[in-house]
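In: build the 3D model from these lines:
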Amino acid sequence: MKKIVLLFTLIGIVPIIHAQNSFKLDSLRKVAASTKNEKDKIAALTALADYYTEFNNDSGLHYSYLLKDEAAKVNDKNTEAYAIADIGAGFIQKGNMVQAFKLTIEALKQFEILKDSPNIANTYNVLGALYRVQHNDKEALYYYLKEYRLAHSIKDYRDELFGAMNAGMDYLNHFNRLDSALFYAKIASKIAEAHPGLFSRANLLRNLSDIYYKLHQLQLSDSLMKEAVQIATITGDIYLSDIQISYASQLLNKGATDSALYYANKAAEELNKNALLARRATLYSLFARIYASKKQFDAAYYYLDKSNAAKDSLASAEQMQQAANLTFNEQQRQVDLKNAAVAYQNKLKLYGAISVLALAVVSLFFLFSRNKKQQKANRLLQRQKQQIQDTLAELKLTQAQLIQNEKMASLGELTAGIAHEIQNPLNFVNNFSELSNELLDEMTEELERPDIEEAKAIAANIRQNLVKINQHGKRADSIVKGMLEHSRTTKGERQPTNINALAEEYLRLAFHGLRAKDKNFNADYQTRFDDSIGKVNIVPQDIGRVLLNLYNNAFYAANEKKQQLNGAFKPLVAISTEKNNGSIALRIKDNGNGIQQNIIGKIFQPFFTTKPTGQGTGLGLSLSYDIIKAHGGEIKVESEEGEGTEFIIVLPS
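Out: Numbers count the residues shown, from 1 in each chain. All right, here's what the predicted structure looks like:
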């Protein structure tokens, strides 16, 4: 599978694929063999090498070597570098990754000397694929990112797309960095959409769907996967079976077993046209899971056996190829030794063959016994896996309920503060309404006299009062809307928000809420806001939850210290914002007792709390951490025992 994926990745990427099917091959061969003109000879060899590299690997290698030698004679470094890259591509198709790697590095050095940026980017892609075959994920990602950055700088959209796509898949599959995976997958999808024909748009949509699925954005994931299936089916996309397998797996995980079986069968039909071993192994494993979910265990065991057989065959093929590559040079060195002691070597081979045969007989017996035990173990593991999946689903449901309970608890803490905040604009509305009513009486009297000018003045005053009523009514409306947004279970949309105003509003709500709960509570708070920040693209109700939680914790810590000192202490909470190098920092500092150093690393863990039993769930800081990470930011804490604690929220501006 590794080799197949690599070869497919390299289609259209290996340098200098210029061949045109319209060339008359016989004429080109004659020119290459007989002409005295070096330019004509190199042109003919280039066309032959390009054509056969794509359609006949051995002939492609032959003409690529001739082209390399001819280019070296006339000191044509460009053509020589292209020929070396073509030879490397030929060895990739033959499965000799050791030679392919050596030649690709040599070609890269030549392209770097020539400052040939497009072919440098191409070669980065080949190196990334070679490292991926070797399971060296770190180096593979390194070269894919280099390919993307270089191609982006020179507006080479093809390599920019391939670099971004492969980097995104490595972040998803090998490093589990979903934010980075999503970033690069979106880039690849946008390039494909802007430049049709560069790569399968359906497969790129599948990649995005897989990432959103892991981010638990299931509705968006499902929509993208449906679009990918539709496009791939209409266009006859070569990735159609992969897309159908991915969709079936997602549907199975969501419990839509019948739909999962439908798309798995569709993938099986598609694979009848292209029986790649690794794809079949994945599909058989998927069928086994589907039938196990449907409690049809005979069918599940049947497909599990087929999957294991395919995986064993695949692993054996890979191991044989790796062994062949690693021993290539050693086999060459052994040739001279074998010629010097032929008779002795023949004896060793005979004895070795007898030993191997005896060992094979013994091994077959043990392998047969082990296979029977393995089948039993696999069936047991399948049952245990299903039990674990059921338990995990229950835990996820419980977790969601706990999170919603925490949100509603914070809403309860907001209620008193909201009531106080609403009372102020309502007082203004009532006062200005009464005043306007009195002014109307006066205006009526003036109109009866009649005194038009005085009536106009009174009307102007009434208009001003109505403006004030409208302003304060909107203020009360915004407070109520904020409370409703705070209580919603669904995720809100990001929107440009004045972070300073948001921080100040939730500070007042938290303060008045605590005052309403405890009449003896009192504390000072200070604000220092950076007016240059402007608006930040955030989900205001989510950031509001974070601020409310941190404010409540800060006031709680400062007030607790006051109680311990019998009132001989003045609680203080300080809030500040500042803008630095493309990000904003919001600091919340209290002068309470601080956090012990031995537990400071645990405070963002779910259910961890230092408050007495019944006064905290331990979910507040955990939810805050998740919200800030979802915004692409970070939340840090600095604390000194006895002096206080400071939380720092950093968000991209």
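In: okay, CA-based contacts and neighbour counts for the rest of this
Out: Fine.
In: which residues in the stretch 51-200 of the chain form strands?
Out: Ranges of strands within the stretch 51-200 of the chain: none, based on DSSP state E, counting those that start in this stretch.
In: repeat for the chain
Out: 495-498, 524-528, 535-538, 572-580, 583-590, 634-640, 644-652 (DSSP state E).
In: for these, give me JSON lines that also has mean pLDDT.
Out: JSON lines is the format used below for the strands of the chain (pLDDT from 0 to 100):
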{"stretch": "strand 495-498", "mean pLDDT": "92"}
{"stretch": "strand 524-528", "mean pLDDT": "93"}
{"stretch": "strand 535-538", "mean pLDDT": "92"}
{"stretch": "strand 572-580", "mean pLDDT": "94"}
{"stretch": "strand 583-590", "mean pLDDT": "95"}
{"stretch": "strand 634-640", "mean pLDDT": "93"}
{"stretch": "strand 644-652", "mean pLDDT": "95"}
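In: ok, which of these comes nearest Leu623?
Out: Closest approach to Leu623 among those is made by strand 634-640 (11.4 Å; C-alpha to C-alpha).
In: measure how far that closest one is from the centre of its chain, please.
Out: 26 Å (C-alpha atoms, centre = their mean, to the nearest Å).
In: parallel or antiparallel, which strands does that strand pair with?
Out: Next to strand 634-640 in the sheet, as set by DSSP bridges, lie strand 644-652 (antiparallel).
In: how big is the angle separating the partner strand from strand 583-590?
Out: 160 degrees (axes from the mean of the first three to the mean of the last three C-alpha atoms, to 10 degrees).
In: need the distance between the two termini of stretch 210-228.
Out: End-to-end distance of stretch 210-228 (C-alpha to C-alpha, to the nearest Å): 11 Å.
In: and that stretch, what's buried?
Out: By 16 or more other C-alpha atoms under 10 Å, the buried positions in stretch 210-228 come out as 210-213, 218, 221-222, 224-228.
In: so how far is Phe569 from Ile588?
Out: Ile588 is 19 Å from Phe569, by C-alpha to C-alpha.
In: settle it for me: which of those two has more neighbours?
Out: Ile588 (21 against 16; other C-alpha atoms under 10 Å).
In: now the closest residue to that one other than its chain neighbours: how far from Asn500?
Out: Of all residues not flanking Ile588 in the chain, Ile575 sits nearest, at 4.8 Å (C-alpha to C-alpha, 6 or more residues apart in numbering). Per C-alpha to C-alpha, Ile575 is found 10 Å from Asn500.
In: what do the two both touch?
Out: Phe529 (C-alpha atoms under 8 Å, 6 or more residues apart in numbering).
In: got the buried residues of stretch 210-228 as JSON lines, with pLDDT and distance to Glu106 columns?
Out: Shown next, in JSON lines, are these (pLDDT from 0 to 100; distance: C-alpha to C-alpha, whole Å):
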{"residue": "Asp210", "pLDDT": "91", "distance to Glu106": "37"}
{"residue": "Ile211", "pLDDT": "93", "distance to Glu106": "36"}
{"residue": "Tyr212", "pLDDT": "93", "distance to Glu106": "40"}
{"residue": "Tyr213", "pLDDT": "92", "distance to Glu106": "41"}
{"residue": "Leu218", "pLDDT": "92", "distance to Glu106": "46"}
{"residue": "Ser221", "pLDDT": "91", "distance to Glu106": "43"}
{"residue": "Asp222", "pLDDT": "92", "distance to Glu106": "45"}
{"residue": "Leu224", "pLDDT": "93", "distance to Glu106": "41"}
{"residue": "Met225", "pLDDT": "90", "distance to Glu106": "41"}
{"residue": "Lys226", "pLDDT": "92", "distance to Glu106": "44"}
{"residue": "Glu227", "pLDDT": "92", "distance to Glu106": "42"}
{"residue": "Ala228", "pLDDT": "89", "distance to Glu106": "39"}
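In: could you dump the strands of the chain into a markdown table and include distance to Gln386?
Out: What follows is the strands of the chain, written out as a markdown table (distance: least, C-alpha to C-alpha, whole Å):
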| stretch | distance to Gln386 |
| --- | --- |
| strand 495-498 | 42 |
| strand 524-528 | 54 |
| strand 535-538 | 39 |
| strand 572-580 | 50 |
| strand 583-590 | 45 |
| strand 634-640 | 36 |
| strand 644-652 | 40 |
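In: nearest to Ser285, out of the ones you listed?
Out: Closest among the strands of the chain, using C-alpha to C-alpha: strand 634-640, at 39.0 Å.
In: any idea how the protein splits into domains?
Out: 1-135, 499-652 (automatic domain parsing).
In: how far does the longest one stretch from start to finish?
Out: Right, domain 499-652. End-to-end for domain 499-652, by C-alpha to C-alpha: 12 Å.
In: so where's the stretch 251-400 of the chain shaky on pLDDT?
Out: 274-278, 312-348, 351-353, 355, 357-358, 360-361, 363, 365-366, 398-400 (pLDDT under 70).
In: and the helices in it, which stretches?
Out: Counting by DSSP state H, counting those that start in this stretch, the stretch 251-400 of the chain has helices at residues 257-271, 277-293, 297-326, 328-340, 342-448.
In: okay, now Asp258: neighbour count?
Out: Neighbour tally, Asp258, other C-alpha under 10 Å: 15.
In: how much space between it and Ala232?
Out: Counting by C-alpha to C-alpha, the gap from Asp258 to Ala232 is 21 Å.
In: cool, and Leu204?
Out: With C-alpha to C-alpha as the criterion, Leu204 and Ala232 are 11 Å apart.
In: give me the more crowded residue out of the two.
Out: When neighbours are counted by other C-alpha under 10 Å, Leu204 and Ala232 differ, and Leu204 comes out ahead with 25 against 21.
In: pretty sure the more buried one contacts Ser189?
Out: Yes. Using C-alpha atoms under 8 Å, Leu204 is in contact with Ser189, at 5.7 Å.
In: go through the domains of the chain and find the least confident stretch.
Out: Among those, domain 1-135 carries the lowest mean pLDDT, a mean of 76.
In: now it, how far from the chain's geometric center?
Out: What separates the centre of domain 1-135 from the centre of its chain is 35 Å, taken as C-alpha atoms, centre = their mean.
In: in stretch 109-125, what counts as buried?
Out: Those buried within stretch 109-125 under the rule 16+ other C-alpha under 10 Å are 110-111, 117-125.
In: distance to Ile599 added to the residues you listed, as JSON lines?
Out: Below are the buried residues of stretch 109-125 laid out as JSON lines (distance: C-alpha to C-alpha, whole Å):
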{"residue": "Gln110", "distance to Ile599": "56"}
{"residue": "Phe111", "distance to Ile599": "55"}
{"residue": "Ser117", "distance to Ile599": "52"}
{"residue": "Pro118", "distance to Ile599": "53"}
{"residue": "Asn119", "distance to Ile599": "53"}
{"residue": "Ile120", "distance to Ile599": "50"}
{"residue": "Ala121", "distance to Ile599": "48"}
{"residue": "Asn122", "distance to Ile599": "50"}
{"residue": "Thr123", "distance to Ile599": "49"}
{"residue": "Tyr124", "distance to Ile599": "46"}
{"residue": "Asn125", "distance to Ile599": "46"}
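In: which two of these have the greatest separation?
Out: So, the buried residues of stretch 109-125 by C-alpha to C-alpha: farthest apart are Gln110 and Asn125, at 16.0 Å.
In: can you give me the end-to-end span of stretch 516-525?
Out: End to end - C-alpha to C-alpha - stretch 516-525 spans 17 Å.
In: any buried residues in that stretch, and which?
Out: For stretch 516-525, by 16+ other C-alpha under 10 Å, it's 516, 521-523.
In: now do stretch 183-196
Out: Buried, per 16+ other C-alpha under 10 Å, within stretch 183-196: 184-189, 191-192.
In: tally of neighbours for Lys591?
Out: Just to correct that, residue 591 is Asn rather than Lys. 25.
In: ok, it to Phe604 distance?
Out: On the measure of C-alpha to C-alpha, Asn591 and Phe604 end up 21 Å apart.
In: mind listing the helices for the stretch 51-200 of the chain?
Out: Under DSSP H, counting those that start in this stretch, the stretch 51-200 of the chain gives helices at 57-73, 77-94, 97-114, 117-133, 137-154, 157-173, 178-194.
In: against which helices or strands is the fifth one packed?
Out: With contacts taken as 3 or more C-alpha pairs under 8 Å, 6 or more residues apart in numbering; DSSP states H and E, helix 137-154 sits against helix 117-133, helix 157-173.
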